[in-house]
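**Q** kindly return the folded structure for what I paste below:
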Amino acid sequence: MAKSLGIRLQPDGYAFALLDGSSKKFTVSSCGSGDLSPAAATPETYGAALARAWKETGGKADKITICAPALGSVLREIAVPFSDRDKIMQVLKFEIESELYHIDIDDVVCDYIELQDDRATTSLLTTSMPKSTIEQAIDIAEAAGFDAQFVQVEHGAFVAAIGSLPQDDSAAPTGYLHIGSSSCLLVVMASDGPAAVQVFPFGWRDLDAAEPDGALEIVVDDGADTGDDADTGDQDADESSADTEPTVFLGKVPQGSGQSFETVCELATPESLEAFRKRLVTEARRALSAFSGMLSGFYLLGDEIPGLAEQFEARMGLAVGPLDLGHATADGTAPCPIALGAALSSLDSGVGKMQFRQEEFVFTQGLDRVEGALTLALVGLLAFLLMDLAVHVKKAGARQADCEAVFQHAVAKIEQLNETLDDSSPKNWFVRTNFDGSVVAEESRILKLSGGVSVAEKSFNTLVGEGDLEMPHSCLEAWRLVLNTLEEQLGEYSDRWMLESLTFSAQDSSRNEDAHVLTKIGVTVFGDDIRATEKFQDLIAALNQKEWAMGSAQTGSLEAADIAGARTGVIQVQVSTALARKVDA
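**A** Predicted coordinates:
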């Protein structure tokens, strides 16, 4: 079973949940969270704190999803006439670009979740997340030692967490509000999926940033657009008066003292708490006013603000209360709903799943991790190539000197051979040794010499019978070979024998036969008929066993000689002097 880790990142803290199982059936193996001070607003310090908390659990994950905040992201509702994801992703940036005239489309990564409504077209809630936020989230994960395959956004993870609850098909939609430190998330969930999603760019950390002698300012613009025209990404209401723009970390300028939720609520004044509750209720009611349906219930998740449920009930006329998702570790610790939803996204939960680590971050971040090693390898390879080039240049110089010495030595030897020839010698016996003014390259001169010597050698061998033509010289050699064989076989014969005739005919090479000497031997052997016949057979067998004999020795019919008991006949054999020379060699 897969182990999926979901990590929620906020400018002032983190939370994680490790799930074991599948999206349909899973258990929470471990979970944790932590708060960070504004001084820790760097990927290195943030990642170190996250790594320490994860190490304490001793868990291991197969799939990792980091959940970035929606602060700085822009949400828009659009409608398209098709529902295929591949087709939607092809036109998504074009559709969003026409809406987001105030930002560069190349500076954001876009994804969407499908909303369930009564429209004939497909309604999409698109999220355009700044690439700077994605880069910071990936840097934090890498600093903590995580190789995150997925980057989710917090409202998508919240939808996935709510989607894990059992849904009643006949029930009316239900509202869910998650209160966080830097943002609050509102989701209206129908039986078949999310019907509305809204992000409020403020959280209880604003209580920590409030002045001790005053309450939070309530920002309610009655003339602002609602519903589809509401821009949830504009969370920074106050502009800094400093000369230098403050550093934005995960979509927001770090603020507050980094204290826990309980401490912040304890130190907050009643006026600040009342202002925060009123602002949150007002924003939630304004967002719900764009939703045409009726709610069957309204639940609060996340951190519990004192008196918030009662104020919602008074303003909305609904029963409002906290909600437990029903998932906890073995010791009863409930995980952060956003971290739980991020982990469910890794388990292929079809609800609210978005992926912001797209091509540019998959490949670019992978190259960043090996950039140092690649640079070192390329520098080493370049140094090796330079050294190898120097060695080859030095070897080439030495080789050129050696080739010149060999060439001059060969020219001297060939000139000696040329001087031994007279004007009557064939022209192809003379080998050219002077290549000045010719197009022959220096490295090819020795090959030209070798070719010229080969041509002269072949011409000379042809003339003296050592080539493809059998000359009289070869006939003499065949005579020697045949007479030696006759002496071996008949030298110790007890009776007489007589050589009647010898014929040697030189045969040139043809398509079917190599060059040879056709030899015909006329012999008369004396004795009784049986012994004479056996001696002829021994002589033929001896000739067939010779390496220089081509084919088989043949004889015509043996005839009786004039003397009683004697036999006479002619033996024919093909003699290859070339084969004989190979045997002697």
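**Q** roughly how far does Phe312 sit from Leu207?
**A** In this view, Phe312 and Leu207 are 18 Å apart by Cβ to Cβ, to the nearest Å. Placement of C-beta: from N, CA and C, glycine included.
**Q** ok, Ser164 next?
**A** Per Cβ to Cβ, Ser164 is found 30 Å from Leu207.
**Q** give me the domain ranges for the chain.
**A** According to automatic domain parsing, the chain comprises the domains 2-237+256-369, 375-464, 472-584.
**Q** tell me the most buried of the ones you listed?
**A** Burial of the domains of the chain is given as mean neighbour count (mean count of other Cβ atoms under 10 Å); domain 2-237+256-369 ranks first at a mean of 18.
**Q** can you verify my assumption that Gly321 contacts Leu308?
**A** No. The pair Gly321 and Leu308 fails to qualify as a contact (Cβ atoms under 8 Å) at a distance of 10.6 Å.
**Q** joint contacts of these two?
**A** Leu300 (Cβ atoms under 8 Å, 6 or more residues apart in numbering).
**Q** where does pLDDT dip in the stretch 401-550 of the chain?
**A** Scanning the stretch 401-550 of the chain with the threshold set as pLDDT under 70 gives 462-473.
**Q** ditto for the chain
**A** 1, 39-40, 209-246, 349-350, 359-370, 462-473, 585.
**Q** which helix runs longest in it?
**A** Longest helix of the chain, by residue count under DSSP state H: helix 371-420.
**Q** off-centre distance for that one?
**A** Distance, stretch centre to chain centre, for helix 371-420: 37 Å (Cα atoms, centre = their mean, to the nearest Å).
**Q** check which helices and strands it is in contact with.
**A** Packed against helix 371-420 by the contact rule (3 or more Cβ pairs under 8 Å, 6 or more residues apart in numbering; DSSP states H and E) you find helix 445-464.
**Q** ok, and what's touching the next helix or strand after the helix it packs on?
**A** Using DSSP states H and E, the helix or strand that follows helix 445-464 in sequence is helix 472-490. Applying Cβ under 8 Å, 6+ apart, the external contacts of helix 472-490 come out as 464-465, 497, 499, 502, 504-506, 515, 517, 519, 521, 523, 525, 535, 538-539, 542-543, 546, 548, 573, 575, 577, 580.
**Q** figure out which of the domains of the chain is closest to Leu250.
**A** Minimum separation from Leu250 across the domains of the chain (Cβ to Cβ) falls at domain 2-237+256-369, 4.7 Å.
**Q** helix or strand: which one has Val570?
**A** strand 567-575.
**Q** also Glu310?
**A** Counting by DSSP H and E, the element that carries Glu310 is helix 308-316.
**Q** please save the CA atoms from that helix in PDB.
**A** Extracted in PDB, the C-alpha atoms of helix 308-316 (Å, rounded to 0.1, in the frame of the first residue of the first chain):
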ATOM      1  CA  LEU A 308     -17.300  32.800  15.900                       C
ATOM      2  CA  ALA A 309     -19.900  30.000  15.600                       C
ATOM      3  CA  GLU A 310     -22.500  32.000  17.500                       C
ATOM      4  CA  GLN A 311     -21.900  35.100  15.400                       C
ATOM      5  CA  PHE A 312     -22.300  33.000  12.200                       C
ATOM      6  CA  GLU A 313     -25.600  31.500  13.500                       C
ATOM      7  CA  ALA A 314     -26.900  35.000  14.300                       C
ATOM      8  CA  ARG A 315     -26.100  36.400  10.900                       C
ATOM      9  CA  MET A 316     -26.900  33.400   8.700                       C
END
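**Q** now the element after that helix, going C-ward?
**A** Using DSSP H and E, the helix or strand that follows helix 308-316 in sequence is strand 320-322.
**Q** who does that following strand pair with, and is each partner parallel or antiparallel?
**A** Paired with strand 320-322 in the same sheet, following DSSP bridges, are strand 297-302 (parallel).
**Q** so what touches the strand it pairs with?
**A** With Cβ under 8 Å, 6+ apart as the contact definition, strand 297-302 has outside contacts at 174-180, 184, 308-309, 312, 316, 318-323, 325, 336-337.
**Q** all the strands of the stretch 151-300 of the chain, residue numbers only.
**A** Assigned by DSSP state E, counting those that start in this stretch, the strands in the stretch 151-300 of the chain fall at 174-179, 184-190, 193-200, 297-302.
**Q** of all the ones you listed, which one comes closest to Lys252?
**A** Nearest of the strands of the stretch 151-300 of the chain (Cβ to Cβ): strand 193-200, 12.4 Å.
**Q** which other helices and strands does that closest one contact?
**A** On a contact count with 3+ Cβ pairs under 8 Å, 6+ apart, strand 193-200 meets strand 74-80, strand 108-115, helix 154-163, strand 184-190, helix 270-288.
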